[in-house]
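1. Got a predicted structure plus its sequence, pasted below:
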Amino acid sequence: MALTSTLFKLYKRFSLRNKEITSRFCSAVQHANDANTVLAVREKNKMEVLNPAGEDLSTITPHFSNTFNLAAYVNQSETLKNLVDLNVNISKIEKKPYIVERFLKLDFEKDIKNHIIFLNNYIDMEDIGIFLTKNPMILCEPLQDLQIRVNYLYAKSFEERQIQRIIMKNPFWLLFSTIRIDKRLGFFQESLNLCGKEVRDLATKQPKLITYNIHSVKCNIFVIKEEMGFEDTEVKELVLHKPKLLMLNQRSLFERFNYIHNVMKISHQTIKQNPEILMCRKFRIRQRHLFLEKLGRSQYDPKKENYIPIQSLVEDSDINFCKNVAKCDINDFNSFLKTL
């Protein structure tokens, strides 16, 4: 019985081993057959590619990669031809592949023509190209939505000349929904305590401010009020006079004020009356102030003799500054700059 049991175990082990070898062999044969099939298909495809085509394939547009030159497709695209005729700078558009991908799918007659007619109601035809170069995505917006956004401005008592300026000076305005624009206008009205007319004047004077980054605007309002020490009414006056103050870099804005107020000893009142001085770079103000100080002419109080208007530090060229303000030769100023 022991011998029989041993023989049975050996037979069973041999059978399992035989099945495993047979399975591997069959798999290898199948793999070889599959490989031969793939090679045959590839060879067939190669032959078909080399065969002469029976139709004109010149009009088929190739796949556009993420970076390419749009000018290469102007001759093949009626849309691009018409846009070039409108003085659209396609070299700037092609730098943004995600825009180009949508742009090339537009049909001039169906998707663009009516948009241009609409824009021409508010923008001169010779300026359409500049507008579309800055904001080509306007052509992807439904025309009905654009009309609604313009109607909103009319409903808010904006005059047509104001709407024209807003659209021309801020091409991206019409990409914002009426809900977003309404919230933006409400934010400025509440933050600066503006009346309706003042809101319209602010939006017209600096349209880009309304669609600017709200966080940056809030930071600049904080800097002007809390760090620079202006009262609420003074902040309002500054912004209405120079709205772009709210679009400056916060650090640069404070550094300019700090130098003007604490080094040059210019009062808040004088700065409020001449807010353009805060728009000038600090190094330019510093250069001219130090030069006038060397000449003994840095006197900015209008109540005293030899008064120098503060705006003269930021206006005109260096030649005119030396001639009309410093009363010296430009070479003297240039020599002084080398010592700084």
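-> Okay, I see it.

2. what bits of the chain have low per-residue confidence?
-> 1-76 (pLDDT under 70).

3. doesn't residue 128 make contact with residue 120?
-> Yes. Residue 120 lies in contact with residue 128 (CB atoms under 8 Å); the separation is 6.7 Å. For the C-beta atoms, the positions are set from N, CA and C on the backbone; glycine is no exception.

4. ranges for the helices of the stretch 201-340 of the chain?
-> Ranges of helices in the stretch 201-340 of the chain, per DSSP state H, counting those that start in this stretch, are 207-210, 214-222, 232-241, 250-258, 268-273, 282-295, 318-320, 330-337.

5. Quick one: list the elements packing against the fifth one.
-> I take that to be helix 268-273. helix 232-241 (3 or more CB pairs under 8 Å, 6 or more residues apart in numbering; DSSP states H and E).

6. can you pull the buried residues of the helix it packs on?
-> By neighbour count on 16 or more other CB atoms under 10 Å, the buried set for helix 232-241 is 234, 235, 236, 237, 238, 239, 240.

7. Are there helices or strands packed against that helix, and which ones?
-> With 3+ CB pairs under 8 Å, 6+ apart as the test, helix 232-241 has helix 178-192, helix 196-205, helix 268-273 packed against it.

8. go again using 6 Å as the cut-off
-> Helix 232-241 is packed against no helix or strand, with contacts defined by 3 or more CB pairs under 6 Å, 6 or more residues apart in numbering; DSSP states H and E.

9. Give me the distance between it and the centre of its chain.
-> Centroid separation for helix 232-241 versus its chain: 27 Å, with CA atoms, centre = their mean, to the nearest Å.

10. Same check on stretch 150-161?
-> The answer for stretch 150-161 is 25 Å, by CA atoms, centre = their mean.

11. how long is that stretch from one end to the other?
-> Distance across stretch 150-161, first residue to last, is 12 Å (CA to CA, to the nearest Å).

12. contact partners of that stretch?
-> By CB atoms under 6 Å, 6 or more residues apart in numbering, the residues outside stretch 150-161 that reach it are 163, 178, 200.

13. try stretch 300-312
-> Counting by CB under 6 Å, 6+ apart, 270, 274, 277, 299, 325 sit against stretch 300-312.

14. count of residues packed around the second one?
-> Each residue near residue 274 was counted by other CB atoms under 10 Å, and the total is 19.

15. who's in contact with it?
-> Residue 274 touches 310, 311, counting by CB under 6 Å, 6+ apart.

16. Okay, it and residue 314: tell me how far apart.
-> 9 Å (CB to CB, to the nearest Å).

17. Any idea how far apart the tips of stretch 116-124 sit?
-> OK, stretch 116-124 end separation, CA to CA: 10 Å.

18. rewinding a little: out of the contacts of stretch 300-312, which is nearest to residue 247?
-> residue 277 (16.5 Å; CB to CB).

19. do you know how far that closest one is from residue 121?
-> From residue 277 to residue 121 the distance is 39 Å (CB to CB).

20. can you check residue 136 too?
-> Taking CB to CB as the measure, residue 136 falls 19 Å from residue 121.

21. neighbour-wise, which of those two wins?
-> A count of neighbours by other CB under 10 Å puts residue 136 above the other of residue 136 and residue 121, at 22 against 12.
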